[in-house]
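Enquirer: no sequence for this one, just the structure:
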């Protein structure tokens, strides 16, 4: 956000929020605002911020992408925290408490495929390392006494009915049942280059929400 929670620093001078000026060499607690005395320095520091902001906007105009299917990382695990959020959202499920609670969010992945070919895209409710079925909850996990490791509540079993992906607006869906196991797998041909991927579940109430884990592998 423009000028929000900002600090421009030069030598011992600090311009806070574009309005308050302090010399921390003599005022480390930033109690004596000198903006009205050193107006030229305020203008200079504001100018430096404006140049930085303009440069930042040019970078922000380009959506960053995640490279998948490369020889260096043949299997890529994506999490909802890697998504670009839809415009009406301001948070995704980014920690295990939210994932266990089944926090619903939506968005897309901006991906770069360096090689064309067939790819396996797998959707999961739970982290792949715990090998838990999609249509299953998780038991509560106790904390470790005497440490900062807190416990976790039970993982919610979500009533997922279908799993879907959309790659460059080409949509494919599959049913989810008790026999589905840990993941729903799609095999799709992909050209090299940048692509947008959406991966989501639909529950029995027809509510769509992003799959918590997406695994991509070139086959």
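Expert: Thanks, I have the structure now. All figures in this text were calculated on a predicted structure; none of them were measured in a lab. Numbers count the residues shown, from 1 in each chain.

Enquirer: ok, which stretches of the protein are helices?
Expert: Taking DSSP state H to define them, one finds helices in the chain at 39-60, 96-101.

Enquirer: quick one, which of those helices is packed in tightest?
Expert: Ranked by average neighbour count under the criterion mean count of other C-beta atoms under 10 Å, the helices of the chain are headed by helix 96-101 at a mean of 16. For the C-beta atoms, the positions are set from N, CA and C on the backbone; glycine is no exception.

Enquirer: quick one, phi psi at the residue lying farthest from the centre of the chain?
Expert: Within the chain, the residue lying farthest from the chain centre (C-alpha atoms, centre = their mean) is residue 37, at 43.9 Å. Dihedral angles of residue 37 (phi, psi; degrees, to the nearest 10) stand at phi -90, psi -50.

Enquirer: Please report how far it lies from residue 175.
Expert: 71 Å (C-beta to C-beta, to the nearest Å).

Enquirer: would you list every one of the strands in this structure?
Expert: Assigned by DSSP state E, the chain shows strands spanning 7-10, 13-16, 20-23, 66-67, 75-79, 84-85, 107-113, 117-124, 160-167, 170-175, 183-190, 193-203, 208-210, 213-218.

Enquirer: ok so, going back, per-residue confidence for the residue farthest from the centre of the chain?
Expert: At residue 37, the model reports a pLDDT of 97.

Enquirer: Dump the strands of the chain into TSV; add mean pLDDT, distance to residue 54 and mean neighbour count as well.
Expert: Formatted as TSV, these follow (pLDDT from 0 to 100; distance: least, C-beta to C-beta, whole Å; neighbours: other C-beta atoms under 10 Å):
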stretch	mean pLDDT	distance to residue 54	mean neighbour count
strand 7-10	96	14	14
strand 13-16	97	17	19
strand 20-23	98	22	18
strand 66-67	96	27	13
strand 75-79	97	32	17
strand 84-85	90	23	14
strand 107-113	96	24	19
strand 117-124	97	39	19
strand 160-167	97	35	19
strand 170-175	96	38	12
strand 183-190	97	36	17
strand 193-203	97	25	19
strand 208-210	96	34	19
strand 213-218	97	35	21
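
Enquirer: what sits against the nearest residue to residue 180 once chain neighbours are set aside?
Expert: Spatial nearest neighbour of residue 180, excluding adjacent residues (C-beta to C-beta, 6 or more residues apart in numbering): residue 134 at 5.6 Å. Neighbouring residues of residue 134 by C-beta atoms under 8 Å, 6 or more residues apart in numbering: 124, 125, 126, 160, 163, 176, 180, 181, 182, 183, 184.

Enquirer: The same query, at a cut-off of 7 Å, please.
Expert: 124, 125, 160, 176, 180, 182, 183 (C-beta atoms under 7 Å, 6 or more residues apart in numbering).

Enquirer: Let me see the contact set for the most centrally placed residue in the chain.
Expert: Residue closest to the average C-alpha location in the chain (C-alpha atoms, centre = their mean): residue 81, at 2.7 Å. Residue 81 makes contacts with 92, 94, as judged by C-beta under 7 Å, 6+ apart.
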